[in-house]
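Asks: Could you look at this predicted model? Sequence included:
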Amino acid sequence: MKNGKLILLIIIFVLLTSLSLTLAQPEAPREREITIEAYKFAYNPEIIEVNQGDKVTIRFISTDVHHGLYIDGYELKTDAIPGHEGEITFVANKTGKFTMRCSVTCGAFHPYMISYLKVKPDYRLFGSILLALILFLSSIVLMVRKER
Amino acid sequence: MQKKQIVEIIAGLMIITATAGAIAGTFLYEDMLNNERKTIVILALALEFGNWSPPEIKLVEGEPVRLKIRNTDTVTHGFAVPELGIGIDEPVEIKAGHVAKIDITPTKKGTFLYVCTVWCSKQHPKMVGRIIISEK
Amino acid sequence: MKDKILGIFPLDWRYDITSLPYVRSVLKSRWVPFLIIVFNLFFFTIILMAGVVGGVSAGNYNFAIMFVWILWWVMLMLVFVPFFSRIWCSTCPLPAFGEWIQRLGFLKVRNKLFGLNRKWPKQLKNMWLMNFLFLGTTYTTGFLTTRPIATFILLMAIILGSVVLSTVFERRSFCLYCCPVSGFQGLYSNIAMTEIRCKDPEVCRNHNVSTRAKALGCDYQQRDCVRGNENGYACPWLEVPFNQNRRNTYCGMCFECFKTCPYDNMAFNLRPPATDLVLDKKRGLDEAWKAFMMLGIAIFFFLIMQGPFGFLKDWANAKTLAGYLSYISVHSTFNLLIFPGIFFVFSYASHALGRTELPLKRVFINFSYTLVPLGLMAWIAFSVGIIFANGSYLIHVISDPFGWGWNLLGTANFPWTPFMTGMVPYMQIGGLLLGLALSLDIGFKIARQTFKNRDEAVMGFYPIAAFLTVTTMFLMWLFTG
C-alpha cells in the first residue's frame, strides 16, 4: 500500500504545480487596442489574450470578403468589408475563454471561422480542473476504503 | 387475406406519398408561386463560380415581372440596376442562401447593366449582367 | 453487497416502460416502427432533394446540412444514444428499402426472405470494418458538413449500399457491420438508460419445448424470437433477444421480438446508465479501438470546427492537396496509433502495478471501456458548442428548405442568432465532469473484475484513473480554457 500512496502523492504534486500556471497573477487593468484581420477562414491573431478589467478596443479588418465578428458571452458584434473597418469597444469584465465567430456567411467554412478571446485569470478553468482532481481523489479514496 | 393485402397497399401508398409525393409537391408548390406573376429566376454567383446566371435577361416594356434573385453562393451579394433606379435608394443585400424578390414593370426600353453591390470576391467589380428591355 | 453506479443507482435496477398502459400494444403493432420510418423517409426525401438543389452553395443555409449535421447528429449524441440506446436504428429510413426488398412487403410477415441470404463473413463480424469506414468518412468531414452535395452523396451511398448488401447478405448485415454510424451507436449504447431484454428469464428457459415448433419441423431449440413466426420476423439484428447477458451494442431496437414472443415476455427497460460496460463479456480490441477513435475524432473535430487554427481548416477543406494529405495522415496516425499508444502505456503501468497473471491485452481491452462515458461526454460537449451557436439556422431552413425563396412558416428571414453562448462552457464542463465520474466509477468496477484481490485492483486502478483525469482536464482546457 505504501507504494500506492507514493504514486498518488507524485500525481497530485505534478497536477497542482501545473494548475498554478492557469492562475497567473493579473496585471493592472489598462487600455488595449487590438487589430484583428479576417480572412477565409480564420482570424489573425488566432487568439487574443487580455486581463480582467482591461478596456479593449478591437479594430476589425477584412482582407478578402464581407466578414463578421461575434463574441460569445459578451454578445457583441461587428463586421467589415475590405476598405471598411469594424470596431468594438468593451470592458473585459467576464473572465474565461470566449469564442469569437464570423457572423456573416463568407464561404463554405464560414461556420468554422473562429478565434478565441481569453480574459485572464481563468477562474473557470482553475475551478473545473480542481473539481476533476477532487473526483479523482475521491474515487481513489472510495476504492481504497471500500476494499478494506 | 384480403384485409392483409389492403393494408400492404395502404403502407405502399404511404411510402410513395412520403417520397415521390414530397418531390412532386415541392415542384407543384414552386410552380404555383411562380404563376402568381411572370417570374424570372437569376442565380447570383461570384465570377469564379459562374457570374450571374443568366447573364442576360430579356423583358418587355410595360409587362409586369418578378425578379427572383437566388444567392446560391457562399458569400453575400447585392443587386442593383442603377439606370432603372433599382437597389439605389433601398440597397438590395442578399445573404448566402437567401432570395430577393423584386417586382418591376419596365417603363423605358434599352439595354441596362445590373450589378452586384457587395464586395464578394477580388473580381467583384466584374460581376455584371445585362437587362434588355424591348418594345411591346 | 450490491453494486451501484455512481453509488446511487443499483446495477440491477430496472423499470419496464411497457408496463405503462398502451406502450406494449403500441410496440406490438406492426405499424411501429413502420409509421415513424415513413415519417423519417419524408424528411430524408426533403434532405436528399435539398442536397442536390444545394450543390455547393452555403451549407449553413441548407436544409440537408442543417438537419443532418446540426439536428440529427446532435440529437444522436445528446438524446437518442444516451437515453434510448439505438432507437434511431429502428426508425432509420436509409436501410428501409433494403429491408422491404428482403421482405417483399411492408407490414406482412413472410419469414422466407428474398435474396441470397448469405452469412456475413466471420472475420468481419466485429467493428473493424465500421471503424475504418467511419474514419474514412471523417476524412471528408470538411465537405460533408459544408457542401450539401457531399451529404447527398454520403446518404445515397448508405441507401444503395444497404440495398445491395441486403440482397446478398442475411437480414440487417449492412446495419450491423457496415454502416459508418452504427459502430459508435453500438458502443456508446452501452451507456444508454434503456434496454430491450426479456421480462422473466425463466419463461424463456422453458420455451424451447414448444410443440408447435416441433410440428412445424423447425429446430425446436430455437425460440420464436430467433426463428420468427407468423406475428413477426426473426430478429433482423441476428441477436438472441432472450439472452440476458448481452449488451446493447448490436441490438437495433426494432421491436420484432415484442411481436414474435408468444409469452409476451419482452421488456423495454429503463435502467441505470453505463450498466453494460460492467458486463465482462465479449469485450474486444475492435470495440477498444472504436472507443479510442471516437474520443480522438472528437478532439480533431473540435480543433477543425471550433478551433482557431486557420491552417487546420485549410487542411480539412483541401485547399492544397498536400495539406489534405497531411490532415488525413495526422488524423489517422493520432486516432489509430498515438492515442491508443498513450493508453497502452497507462494500461501497461496498471498491469505492472497490479501484478496480475492476466495477459496485458486483457487489461488493455477491459480498461479501454472506461473511455466510453468520457468519450460520449466529449461528443456532447462538442455538440453543445455547435447547436447553441448555429441552431438558429434551422429556423431559417425549415421555412425555405431549398433556398428558393419560400416562406412556409414565416421564419425564412430569421437571422443567425447565437443562443446562450455564455452558458455553453459551463455545460461542457458539467458534462465532462459527469463523464469523468462515470468513467472512474466504471474503471473502479472493471479493476475489481480484472484483478484477483483488492490490493491489486487498487494498484491497477491508479494509472487508469490518472489517465482518465488527465484526459478530462485536457478536454476541459481544450473546450473552455
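Replies: Nice, I can see it.
Asks: For the residue of the stretch 201-350 of chain C found nearest chain A, give me the pLDDT.
Replies: Evaluated by Cβ to the nearest Cβ, the stretch 201-350 of chain C has C:Gly310 as its residue closest to chain A, separated by 2.7 Å. Where C-beta positions appear, they are placed from N, C-alpha and C, glycine not excepted. pLDDT for C:Gly310: 87.
Asks: Next, work out how far apart it and A:Val50 are.
Replies: Distance, C:Gly310 to A:Val50, using Cβ to Cβ, to the nearest Å: 21 Å.
Asks: Show the subsequent helix or strand relative to the lowest-mean-pLDDT helix or strand in chain C.
Replies: Within chain C, no helix or strand scores below helix C:211-215, which has a mean of 60 by mean pLDDT, DSSP states H and E. For helix C:211-215, the succeeding helix or strand toward the C-terminus, using DSSP states H and E, is helix C:224-227.
Asks: Now do the residue of chain A found nearest chain B, the pLDDT please.
Replies: Residue nearest to chain B within chain A: A:Thr105 (4.0 Å; Cβ to the nearest Cβ). Looking at A:Thr105, its pLDDT is 87.
Asks: Neighbours of it, how many?
Replies: Using other Cβ atoms under 10 Å in any protein chain shown, the number of residues around A:Thr105 comes to 28.
Asks: could you list every residue that touches the residue nearest to it when sequence neighbours are not counted?
Replies: Closest residue to A:Thr105 apart from its sequence neighbours, by Cβ to Cβ, 6 or more residues apart in numbering or on different chains: B:Ala96 at 4.0 Å. B:Ala96 is in contact with A:Thr105, A:His110, B:Asn71, B:Asp73, B:Thr74, B:Val75, B:Thr76, C:Ser57, C:Ala58, C:Asn60, C:Tyr61, counting by Cβ atoms under 8 Å, 6 or more residues apart in numbering or on different chains.
Asks: residues contacting residue 55?
Replies: This is for chain A. A:Pro29, A:Arg30, A:Glu31, A:Arg32, A:Thr89, A:Phe90, A:Val91, A:Ala92.
Asks: my bad, chain B
Replies: Taking Cβ under 8 Å, 6+ apart, we find B:Pro55 in contact with B:Gly129, B:Arg130.
Asks: re earlier: can you flag which of the contacts of A:Lys55 belong to strands?
Replies: A:Glu31, A:Arg32, A:Thr89, A:Phe90, A:Val91 (DSSP state E).
Asks: Kindly tell me how buried the nearest residue to the third one once chain neighbours are set aside is, as a neighbour count.
Replies: Put plainly, it is A:Thr89. Excluding the flanking residues, the one nearest A:Thr89 by Cβ to Cβ, 6+ apart is A:Thr57, at 4.6 Å. As a burial measure, A:Thr57 scores 14 neighbours (other Cβ under 10 Å).
Asks: so A:Thr57 bridges to which residues?
Replies: Per DSSP bridges, the residues bridged to A:Thr57 are A:Glu33, A:Thr89.
Asks: excluding its backbone neighbours, what's nearest the residue of chain B found nearest chain C?
Replies: Closest approach between chain B and chain C, counting by Cβ to the nearest Cβ: B:Gly97, at 2.4 Å. Leaving aside its sequence neighbours, B:Gly97 sits nearest to C:Tyr61 (Cβ to Cβ, 6+ apart; 2.4 Å).
Asks: So that neighbour sits against C:Gly403, correct?
Replies: Yes: contact criterion Cβ atoms under 8 Å: C:Tyr61 and C:Gly403 qualify, at 6.3 Å.
Asks: any common contacting residues for these two?
Replies: B:Gly97, B:His98.
Asks: The residue of chain A closest to chain B reaches B:Val75, doesn't it?
Replies: Yes: A:Thr105 lies in contact with B:Val75 (Cβ under 8 Å); the separation is 6.7 Å.
Asks: Give me the pLDDT for the one residue in chain B that gets nearest to chain A.
Replies: Residue nearest to chain A within chain B: B:Ala96 (4.0 Å; Cβ to the nearest Cβ). As predicted, B:Ala96 sits at a pLDDT of 84.
Asks: could you pull out the strands for the chain?
Replies: Went with chain A since none was named. Under DSSP E, chain A gives strands at A:31-39, A:42-44, A:47-51, A:55-62, A:67-71, A:76-80, A:86-91, A:96-101, A:114-120.
Asks: switch to chain C, that's the one I care about
Replies: C:4-5, C:9-10, C:15-16, C:194-198, C:266-270.
Asks: hang on, the earlier thing: save the contacts of A:Lys55 as TSV, and put in neighbour count and pLDDT too.
Replies: Shown next, in TSV, are the contacts of A:Lys55 (neighbours: other Cβ atoms under 10 Å in any protein chain shown; pLDDT from 0 to 100):
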residue	neighbour count	pLDDT
A:Pro29	15	81
A:Arg30	11	87
A:Glu31	10	89
A:Arg32	15	90
A:Thr89	12	93
A:Phe90	15	92
A:Val91	13	92
A:Ala92	20	90
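Asks: starting at the chain centroid, how far to stretch C:392-408?
Replies: On the basis of Cα atoms, centre = their mean, to the nearest Å, stretch C:392-408 sits 29 Å off its chain's mean C-alpha point.
Asks: is chain B contacted by that stretch?
Replies: Yes: using Cβ under 8 Å from any Cβ of the partner chain, stretch C:392-408 reaches chain B at C:His396, C:Asp400, C:Phe402, C:Gly403, C:Trp404, C:Gly405, C:Trp406.
Asks: Tabulate those residues (TSV), appending pLDDT and distance to C:Trp69.
Replies: Formatted as TSV, those follow (pLDDT from 0 to 100; distance: Cβ to Cβ, whole Å):
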residue	pLDDT	distance to C:Trp69
C:His396	89	15
C:Asp400	88	18
C:Phe402	88	17
C:Gly403	84	17
C:Trp404	86	21
C:Gly405	83	24
C:Trp406	86	22
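Asks: quick one on the thing from earlier: next up, phi/psi of the residue of chain B closest to chain C, please.
Replies: The phi/psi pair for B:Gly97 (degrees, to the nearest 10) reads phi 80, psi 0.
Asks: Could I get the contacting residues of it?
Replies: Taking Cβ under 8 Å, 6+ apart, we find B:Gly97 in contact with A:Thr105, B:Asn71, B:Thr72, C:Ser57, C:Ala58, C:Asn60, C:Tyr61, C:Asn62, C:His396, C:Asp400, C:Gly403.
Asks: got a winner among these for most neighbours?
Replies: C:Asn62 (31 neighbours).
Asks: ok, B:Leu43 touching B:His77?
Replies: No: using Cβ under 8 Å, B:Leu43 is not in contact with B:His77; the gap is 10.0 Å.
Asks: who touches both of the two?
Replies: Common neighbours of B:Leu43 and B:His77 (Cβ under 8 Å, 6+ apart) are B:Ile69.
Asks: These two: which is more packed in?
Replies: A count of neighbours by other Cβ under 10 Å puts B:His77 above the other of B:Leu43 and B:His77, at 30 against 18.
Asks: which residues does that one contact?
Replies: Per Cβ under 8 Å, 6+ apart, neighbours of B:His77: B:Ala44, B:Ala46, B:Ile69, B:Asn71, B:Glu93, B:Ile94, B:Cys116, B:Thr117, B:Val118, B:Cys120, B:Met127.
Asks: which residues does the fifth one contact?
Replies: For B:Glu93, the set of contacting residues under the criterion of Cβ under 8 Å, 6+ apart consists of B:Thr76, B:His77, B:Gly78, B:Thr117, B:Val118.
Asks: same thing with the last one?
Replies: Each residue near B:Met127 by Cβ under 8 Å, 6+ apart is listed here: B:Ala46, B:Leu47, B:Asn51, B:Trp52, B:His77, B:Val115, B:Cys116, B:Cys120, B:Ser121.
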